[in-house]
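>>> using only what follows, build the 3D model:
(6 chains)
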Number of protein chains: 6
Amino acid sequence: MKIPFEERPQGSKDVMWRYSQNPVIDRYAIPSSNSIFNSAVVPFEDGFAGVFRCDNKSVQMNIFAGFSKDGINWDIEHSPIVFEAGNTEMIESEYKYDPRVVKIDDKYWITWCNGYHGPTIGIGYTYDFKTFYQCENAFLPFNRNGVLFPEKIDGKYAMLSRPSDNGHTPFGDIYISYSPDMKYWGEHRNVMKVTPFPESAWQCTKIGAGSVSIKTDEGWLMFYHGVITTCNGFRYSMGAAILDLENPSKVLYRTQPYLLAPAAPYELAGDVPNVVFPCAALHEGNKVAVYYGAADTCVAMAFGYIDEIIEFTKKNSIK
Amino acid sequence: MKIPFEERPQGSKDVMWRYSQNPVIDRYAIPSSNSIFNSAVVPFEDGFAGVFRCDNKSVQMNIFAGFSKDGINWDIEHSPIVFEAGNTEMIESEYKYDPRVVKIDDKYWITWCNGYHGPTIGIGYTYDFKTFYQCENAFLPFNRNGVLFPEKIDGKYAMLSRPSDNGHTPFGDIYISYSPDMKYWGEHRNVMKVTPFPESAWQCTKIGAGSVSIKTDEGWLMFYHGVITTCNGFRYSMGAAILDLENPSKVLYRTQPYLLAPAAPYELAGDVPNVVFPCAALHEGNKVAVYYGAADTCVAMAFGYIDEIIEFTKKNSIK
Amino acid sequence: MKIPFEERPQGSKDVMWRYSQNPVIDRYAIPSSNSIFNSAVVPFEDGFAGVFRCDNKSVQMNIFAGFSKDGINWDIEHSPIVFEAGNTEMIESEYKYDPRVVKIDDKYWITWCNGYHGPTIGIGYTYDFKTFYQCENAFLPFNRNGVLFPEKIDGKYAMLSRPSDNGHTPFGDIYISYSPDMKYWGEHRNVMKVTPFPESAWQCTKIGAGSVSIKTDEGWLMFYHGVITTCNGFRYSMGAAILDLENPSKVLYRTQPYLLAPAAPYELAGDVPNVVFPCAALHEGNKVAVYYGAADTCVAMAFGYIDEIIEFTKKNSIK
Amino acid sequence: MKIPFEERPQGSKDVMWRYSQNPVIDRYAIPSSNSIFNSAVVPFEDGFAGVFRCDNKSVQMNIFAGFSKDGINWDIEHSPIVFEAGNTEMIESEYKYDPRVVKIDDKYWITWCNGYHGPTIGIGYTYDFKTFYQCENAFLPFNRNGVLFPEKIDGKYAMLSRPSDNGHTPFGDIYISYSPDMKYWGEHRNVMKVTPFPESAWQCTKIGAGSVSIKTDEGWLMFYHGVITTCNGFRYSMGAAILDLENPSKVLYRTQPYLLAPAAPYELAGDVPNVVFPCAALHEGNKVAVYYGAADTCVAMAFGYIDEIIEFTKKNSIK
Amino acid sequence: MKIPFEERPQGSKDVMWRYSQNPVIDRYAIPSSNSIFNSAVVPFEDGFAGVFRCDNKSVQMNIFAGFSKDGINWDIEHSPIVFEAGNTEMIESEYKYDPRVVKIDDKYWITWCNGYHGPTIGIGYTYDFKTFYQCENAFLPFNRNGVLFPEKIDGKYAMLSRPSDNGHTPFGDIYISYSPDMKYWGEHRNVMKVTPFPESAWQCTKIGAGSVSIKTDEGWLMFYHGVITTCNGFRYSMGAAILDLENPSKVLYRTQPYLLAPAAPYELAGDVPNVVFPCAALHEGNKVAVYYGAADTCVAMAFGYIDEIIEFTKKNSIK
Amino acid sequence: MKIPFEERPQGSKDVMWRYSQNPVIDRYAIPSSNSIFNSAVVPFEDGFAGVFRCDNKSVQMNIFAGFSKDGINWDIEHSPIVFEAGNTEMIESEYKYDPRVVKIDDKYWITWCNGYHGPTIGIGYTYDFKTFYQCENAFLPFNRNGVLFPEKIDGKYAMLSRPSDNGHTPFGDIYISYSPDMKYWGEHRNVMKVTPFPESAWQCTKIGAGSVSIKTDEGWLMFYHGVITTCNGFRYSMGAAILDLENPSKVLYRTQPYLLAPAAPYELAGDVPNVVFPCAALHEGNKVAVYYGAADTCVAMAFGYIDEIIEFTKKNSIK
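Below you'll find the model as predicted:
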């Protein structure tokens, strides 16, 4: 496996930079799609697999499996994932969106925003991206952006999430919850709150976990999104946080400036203008490739070096 | 007469497709205009006539007559239509917008959103697009998107409309009303409602009649707009419905997926981003050319084959 | 017939005064009721008949017939009015509320707020308050407070109404519409608008016709309600207007001060605090008895002399 | 033990009736209190114990223990309950309100709305109402009205709750969740939704579990509150539901009409007018005494016979 | 002069207590009035003079002079105050409300909420309560609750005020401003902010200066109002603050609990339920009599001893 | 000095036209910046100086000095302006944005929106754009768009401003205030109000002073912005007003049509789509160059001839 990567452009001093061929996945990449964005990828076999949010032309939200040799050119299934019953018979789902994927032990776990009398966190797993099993929803509605840690912590599964309301939630912090068995969840702790407007306005309305955390010597490196409310709506940008390895409810560092904010044409215009929404990060050695939804319309990528990102986060951390 | 038309682009599998030279009418096409959009056209003499919404640079809304040989190159009058008294002396009008035009018998009837203590449906007619007569408003405020049928039904005029409120209405269904005389209206019936979000989200906030219905063997073919509320505002897309020929309050079929949604640059950016708003459809044999307002800024066109559109609507109908 | 009446209390200088035994109809006056209010009465046979809004304990809104010898002690039916088809087969009704009653020629016409895909104006009639016939709704939704004139004007039925939205409408003017046949309506005119806040704040949010207009030498005397929005919600008060006899869309005079505003305990507290909502006025010679809903909970009465009310309205009219 | 009770008043046909000496606990019953309401009681030793919501004169919300011989005259502690660590060291609590109490095996379990970065469900227990232990919060914010079942169901603790947002939530259904250990919760199911406005308007905005369910042959009898939004705010009333004994996520019957709605002076006026909010029900044989908060100001009681309430609920159930 | 006073009722431990004959001024105390409330009084000649907010029955807001021998029985003029030009010719005023009065040197200064393109602070003075002079508005709109200090501070006039918006402002802190000449104002400083909800909820939405500050050895004693937003609207209560004598922008102490909150019937029901709104305080030796508006409907009084109030404020101060 | 200028493009009939090389300052023009916009320039020494709003990548708002020889190529400092105490020691500032600059006598005065418990008008001055002195805030919060006149009027400093609220204010008129000393301000007058929607909709939501007024024979020429609320948010355009030379609270003429409205790509897309926001105007003889913020992202320029603009304003003035 070799993750997709491109060196920092000439003259750029940015910690992270966009892929020159963005967007990597077009809104119409499968026949039924209105838009493909906010999707997750993971190393799989000799390449990559992914779970993709493809809204169809009825603007119904669902998740689809996909495969790629290089992480750039993707074959996305034309039919959404069908789940079999996992640790529950109750696998109702009005809609599915914003998936994340992580391998823990032998299973690829998928979490997503699941429509069950409102949005909550759906959980499923697969061994092969062909057969999928759906488990109990992690939480009561209303919740979004559920992201698992890539390994058990103190013997328990751990998940970040963002409690919300049943609309275009104008608030939202990141919490962590633990489960002994992926069925019952508890020990809920507030991890990160929105920032005061004068300190870091891009993340003052709401924040949500983005990619699965990456284990580093400095702590769990996690890309997240932050939202500011302008007079013309929400603007989503991306930052990074470093969480304590043993007690990830403890934030060690967190970027005051954003790492990436809407500025490219495909981020400024689309179904929802001004959105950069990270959902996955491939890493290999010191390199990292972040996949993010752009303008709720297509999938784009940004690159960086993990040590530089950590350095930047520590140096520019909110007190 | 020969309607403007372009064949489906190579490789496209879309039921309807955009004109390659879009937009056909630029925002500044007449000297006073800030924007020209949401306008209607009709075959007239050896070419076409139209009634155009031209907001001027004071952003006052009014309607203007225009003429074209080919339906693409338009001469729009530089002064708005002035109405004489029709079936009433009361022809107050604070503003006029979103016109539709239809020929019934010997008259070209124009309906529009008329400012009379709030928006309601204005009605007028002309024989020659030179002299215009204004009639009684069809309804009490607040109403928008009044669209007449091209012939009497059961001996009465019939009109679709969308009751609303006095602002940026966040709701709205399509109703039908009947009149023996174009002066008094009644027998109001609900025709189509917004859809549940999980079923067809692009039309879950409000819907409104678009073009004048086209009589087909399968029923009245009507293009309409549907709206979804994203976190950054409204997004307007276009679908089609087939109404019962004899009782058009009965919907036979209705597209679950949209036919056209904002994706082209002139639809994504403009005075109101993300708007595709159909107001007229020329048809000739099996061909149809839909005129739609793009981003509340300019006029664009999309084409299709009527039998394919009917087929698509029947196959992809909401139950 | 002798209308209920009580002389002005000692020392009072008010133009209108409350009945000393208010409320006349208690919220629990029939077994199923949660509240009885906003109801209308009319002379009938040797006494009075009425149509009453009785919300039941499921808080479903419906209208009930009732009878009284003296206009004070009422026998209200325990079952809501059931309508047969009048000039239409379409007599759908999700709910009915806020009725008014008026005799024109040989029929007692009832108008009410009718639930048909939102509130609109329902119309029905009876000859005997036993058998009731429902006609076409007068208007498209959304509308409330439809009140007929007690005779044809220029050969047509005339109705006041208040176009609204589908919620707790925070705006609203009074309009008039005409019909040749109680089926098709048109010639809609704005009659009265809300007042500027500094001029007469009690009627600055919305207004609505109350009682059926009384024909006087000075014009049509009509009691109406006006609403102000305080920081704790709406407050409904009562005023009077005098409309031109021949052209009732022309307001001759209209009270700047209210005639009656919530101050009695049964008006200040109840299901909706601070509501005085007139729906009917019995008159006999110079005397008038107004029936009004109090706090959306019960029915109360207020009295006055017509000549004094007209005098007051003329002297205290808004320019 | 003998629960407080009073026979149905002469002439009353109501299924439930108010205590003639209401309110039983005055707003100023302890020196520091601004209001005492939404409180729960339980049989204890030879009388009763309770946990009371006493907002102090800084309008800080907290819960207090209290004791009574007869369930009517209460000695409420002057200091709020202080919790020791139970199954967690994390017993943060910005505020506590709306407690419920239930005995399961040897422990008296208390649930309440706990302020932890917004409202969520706090859990604690006591053996003696002197020493109290606080456990892990059951759920992520935002949640209110967490009510335990009085025994394990299928070997697990079961709790009803009402997911909400972080303000004066304008929506809300009742859910059930299960826990093997009072620490981790899952198997969340939607139990009861708000009703459509035309069917039962008093419960169309939000609903929430009230008292601890009472086991009967017909199922779990549960009193709950329902809310309607009038133009002047929320109105809270009380209804009853019967849940399946083995699978309490299944509603067998549910009152379409309310059992009790604000009508008494102490319910109509107070810190929040128009509130009847049940939090506890003592029962003994066929008798039941419901404690409810009135107008967010004081505590009142209502009585009834269980068989009659069940009968009424079955006969008047929403389909 | 002897201020009105009544001893603390038997058994009461409250720091301040209501007058047993409340309300002292009824809503209909003058012929034109709908309500009389939020008014100010001051010792004058051998008795008292006052400026009263009397909303008339058109619900127009204006201020009226009044006189009393005992501070309890008031003769209020039947016509509003007419102002002559003071230090400006521009004395426009759409409406006047919520007056305060204070004597500085030889003038009685009146401040009020003045309607000049929205609410701002009007200033006027009189020597005799017969002839009144209007000065420049102190500030730009939008502002309310302007209250002068009773003497110059550091050679300048000083005024507390509450910047707001143009509606039912849902926020608001108290500021101080200085003027060398009652014409130009500057040196604006934030004095007191709303409190965090969990600390003192009754004053968490907005606060505003109430009475003119009383000079004591401990500092300026000032009664103010605080507002909480319940699900049914605003609730206004009264607290006290002690400001530094030399630098009154410095708050020395401020009550965490309220001193008086709506609980009496005339405070719970009226044009705006749940309002206690202090506007003046007479003091004589250790006694103080606070005049407050009740339910935006009438005027009431509360009494206390200054040393006890100061003691209470210091002991119960928010940190 | 020679101001930047470009002749009217071929074929254009617009009164003002865009610079062909727009935008002149890119969002990333200094290393820390997220965006540079809403900035002011002034002739200085042999070229130009400016004060620039540069939001950094934490989206903190601050103002920076910059210098240019030609008004087009700018060197902007990489650190924000640091102020020393001017006429006050109180120079608190949570944030600074939207600066204007004007030379009066020997000082360059800077005004900006200053964060002091909400937005208000900060004032400072410099002699050399190296050392800066901060003075008392002009007004209480909440205020924006404070713009000084370039000379004293009747011996006093004069400033236009736009009172607002503490959020994305949906209202706003332009006022003028006077000061004898730049410390105390008074004589506040309403200058210009928003227009009725049907008359000139682009300025119907709010308006605010833009550039420092230019003295002409016809009066003070002032560019201002106007805002309309579309269903997708605010749209900011530019107009001009001519104020009376001696009494600038008197508007002589004011453009009904806009002079410039968002239409170029850099105005239609960016951090806030659809914004043209003028903050400065360089003039030399008959030429004028307006600097405006585009899409809250970058700085652009537009040109015109003063006599033509005056002519246009007079001919197209709102009555």
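
>>> what packs against the strand or helix carrying residue A:190?
Using DSSP states H and E, residue A:190 maps to strand A:184-192. Packing contacts for strand A:184-192, counted by 3 or more C-beta pairs under 8 Å, 6 or more residues apart in numbering or on different chains; DSSP states H and E, involve strand A:174-179, strand A:251-254, strand D:174-179, strand D:184-192. Placement of C-beta: from N, CA and C, glycine included.

>>> could you give the separation of that strand from the chain centroid?
In terms of C-alpha atoms, centre = their mean, to the nearest Å, the centre of strand A:184-192 is found 18 Å from the chain centre.

>>> so for that strand, mean pLDDT?
Per-region confidence: strand A:184-192 scores 98 on mean pLDDT.

>>> which of the helices and strands packed on strand A:184-192 sits closest to residue D:95?
With C-beta to C-beta as the criterion, residue D:95 lies closest to strand A:174-179 of the helices and strands packed on strand A:184-192, at 18.8 Å.

>>> now do the buried residues in the top helix by length along chain A.
If you go by DSSP state H, chain A has its longest helix at helix A:306-315. By 16 or more other C-beta atoms under 10 Å in any protein chain shown, the buried positions in helix A:306-315 come out as A:306, A:309-310, A:312-313.

>>> between these, which sits nearest chain F?
residue A:312 (10.8 Å; C-beta to the nearest C-beta).

>>> show me where chain A has helices.
With DSSP H as the criterion, chain A has helices spanning A:265-268, A:306-315.

>>> touching chain F at all, the first one?
Think helix A:265-268. Yes: contact of helix A:265-268 with chain F (C-beta under 8 Å from any C-beta of the partner chain) involves A:265, A:268.

>>> now do that helix: distance to the chain's middle.
Relative to the centre of its chain, helix A:265-268 is centred 19 Å away, using C-alpha atoms, centre = their mean.

>>> got the CA coordinates for that helix in PDB?
The C-alpha coordinates for helix A:265-268 follow below in PDB (Å, rounded to 0.1, in the frame of the first residue of the first chain):
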ATOM      1  CA  PRO A 265     -13.800  27.100  -6.400                       C
ATOM      2  CA  TYR A 266     -15.200  23.600  -5.700                       C
ATOM      3  CA  GLU A 267     -15.300  24.600  -2.000                       C
ATOM      4  CA  LEU A 268     -16.900  28.000  -2.500                       C
END
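
>>> and that helix, what other elements does it pack with?
strand A:298-305.

>>> what's in contact with the longest helix of chain A?
Helix A:306-315 is contacted by residues A:15-16, A:214, A:216, A:218, A:221, A:240-242, A:253-255, A:259, A:283, A:286-288 when judged by C-beta atoms under 8 Å, 6 or more residues apart in numbering or on different chains.

>>> could I get the helices and strands packed on strand A:184-192 as a markdown table with mean neighbour count?
Listed next are the helices and strands packed on strand A:184-192 as a markdown table, based on neighbours: other C-beta atoms under 10 Å in any protein chain shown:
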| stretch | mean neighbour count |
| --- | --- |
| strand A:174-179 | 24 |
| strand A:251-254 | 20 |
| strand D:174-179 | 24 |
| strand D:184-192 | 23 |
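
>>> out of those strands, which comes closest to residue E:9?
Comparing the helices and strands packed on strand A:184-192 by C-beta to C-beta, strand D:174-179 comes nearest, at 45.4 Å.

>>> would the closest one count as contacting chain A?
Yes: looking at strand D:174-179 against chain A by C-beta under 8 Å from any C-beta, the contacts come from D:175, D:177-179.

>>> and the residues you listed, which is closest to residue A:84?
The closest of the residues of strand D:174-179 next to chain A, once distances to residue A:84 are taken by C-beta to C-beta, is residue D:178, at 22.4 Å.
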